[in-house]
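>>> Dropping the sequence and predicted coords here.
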Amino acid sequence: MISATHISEQVQRALTEDIGEGDITAALISAETQGTATIITRENGVFCGSAFATEAFQQVNNDCEVTWFADDGDWIESRAMLAKVSGPARALLTAERTALNFLQLLSGTATLAKQYAQRVAHTKVRLLDTRKTVPGLRLAQKYAVRCGGCHNHRIGLYDAFLIKENHILATGGISEAVETARHLFPDKPIEVEVETGAELDHALAAGADRIMLDNFSLKALREAVIHAAGRAELEASGNVTEATLVDIAETGVDIISIGALTKHVRALDLSMRMA
């Protein structure tokens with residue numbers, strides 16, 4: 001779960017971006033006017049982002065009250081009522097777009113993750129996101145990925161090693177890179193990206209915890225699974241689409257990383273209506 005502090009900071013930035021020097025249209029409404037609104041979905045999907053939306057309304061005016069009829073991770077049907085919001089009418093309208101932006105993006109992310117996860121449910125593979133996220137919303141999108149039934153790769157550059165081609169060239173080789181990584185941060189997991197069978201052998205010999213098989217053919221993936229024989233986790237990466245996903249999963253790799261989970265997201269169609 002994301003910390004309340006992080007959510008508060010993200011929402012504050014979003015509101016500042018939207019409101020600027022003030023909501024001049026909401027000023028048309030008397031400050032004393034109270035209102036009630038409902039948030040609905042216009043399509044099926046996985047719901048996500050309630051804490052962000054609640055924070056948006058309450059940062060604009062703490063008197064806003066939000067009652068949710070769905071929990072993050074729930075499957076929602078078109079036309080379902082997701083929430084009832086009440087409070088000063090000005091505040092409801094000022095917070096509306098920021099609240100919906102979070103809900104639509106995160107619900108869209110969770111829905112896409114659900115679609116991918118369902119396609120490989122008959123296998124043991126784990127589907128992971130990447131760092132290809134909307135700037136500033138990494139933790140939020142990675143949370144949404146989990147709500148949709150997929151998993152998280154490393155959060156950033158600080159929590160795990162991912163030794164790629166340029167790192168290998170700069171350090172002198174796979175074994176040198178892995179050895180240095182173990183020395184610098186012995187508690188951090190080490191993943192090595194490889195492009196050939198020979199590089200796979202080097203990564204296995206170096207003791208990598210996980211090996212990323214970059215753009216391997218299906219035949220090469222199957223051969224790598226047999227050859228590695230469980231000595232390291234194997235991750236398939238590159239050219240992963242809904243069309244190729246099942247075939248890749250059925251090669252027996254442990255993990256498939258998919259940038260599309262957070263990069264190719266279409267927002268879920270939600271709306272708010274004043275009563």
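Perfect, I can see it now.

>>> what about the strand or helix carrying L15, average pLDDT?
Take DSSP states H and E as the rule and L15 turns out to sit in helix 4-19. Helix 4-19 carries an average pLDDT of 98.

>>> What lies in contact with it?
Residues from elsewhere that reach helix 4-19 (C-beta atoms under 8 Å, 6 or more residues apart in numbering): 51-52, 55-56, 59-60, 94-95, 97-98, 101-102, 136-137, 139-140. All C-beta spots, glycine's among them, are computed from the backbone N, C-alpha and C.

>>> repeat that for 7 Å
Residues outside helix 4-19 that contact it (C-beta atoms under 7 Å, 6 or more residues apart in numbering) are 51-52, 55-56, 59-60, 94, 97-98, 101, 136, 139-140.

>>> Reformat the residues you listed as JSON lines; add pLDDT, neighbour count and secondary structure.
Converted to JSON lines, those look like this (pLDDT from 0 to 100; neighbours: other C-beta atoms under 10 Å; DSSP: H, G, I helix; E, B strand; the rest coil):
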{"residue": "A51", "pLDDT": "98", "neighbour count": "20", "secondary structure": "helix"}
{"residue": "F52", "pLDDT": "98", "neighbour count": "24", "secondary structure": "helix"}
{"residue": "E55", "pLDDT": "98", "neighbour count": "24", "secondary structure": "helix"}
{"residue": "A56", "pLDDT": "98", "neighbour count": "30", "secondary structure": "helix"}
{"residue": "Q59", "pLDDT": "98", "neighbour count": "19", "secondary structure": "helix"}
{"residue": "V60", "pLDDT": "98", "neighbour count": "25", "secondary structure": "helix"}
{"residue": "T94", "pLDDT": "98", "neighbour count": "26", "secondary structure": "helix"}
{"residue": "R97", "pLDDT": "98", "neighbour count": "15", "secondary structure": "helix"}
{"residue": "T98", "pLDDT": "98", "neighbour count": "25", "secondary structure": "helix"}
{"residue": "N101", "pLDDT": "98", "neighbour count": "20", "secondary structure": "helix"}
{"residue": "G136", "pLDDT": "95", "neighbour count": "11", "secondary structure": "coil"}
{"residue": "L139", "pLDDT": "98", "neighbour count": "18", "secondary structure": "helix"}
{"residue": "A140", "pLDDT": "98", "neighbour count": "24", "secondary structure": "helix"}
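
>>> follow-up on the earlier one: identify each buried residue in the helix holding L15, please.
Neighbour counts over helix 4-19 (16 or more other C-beta atoms under 10 Å) mark I7, Q10, V11, A14, L15, I19 as buried.

>>> Put together a markdown table for those residues, with distance to L200 on each row.
Formatted as a markdown table, these follow (distance: C-beta to C-beta, whole Å):
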| residue | distance to L200 |
| --- | --- |
| I7 | 41 |
| Q10 | 40 |
| V11 | 45 |
| A14 | 44 |
| L15 | 49 |
| I19 | 53 |
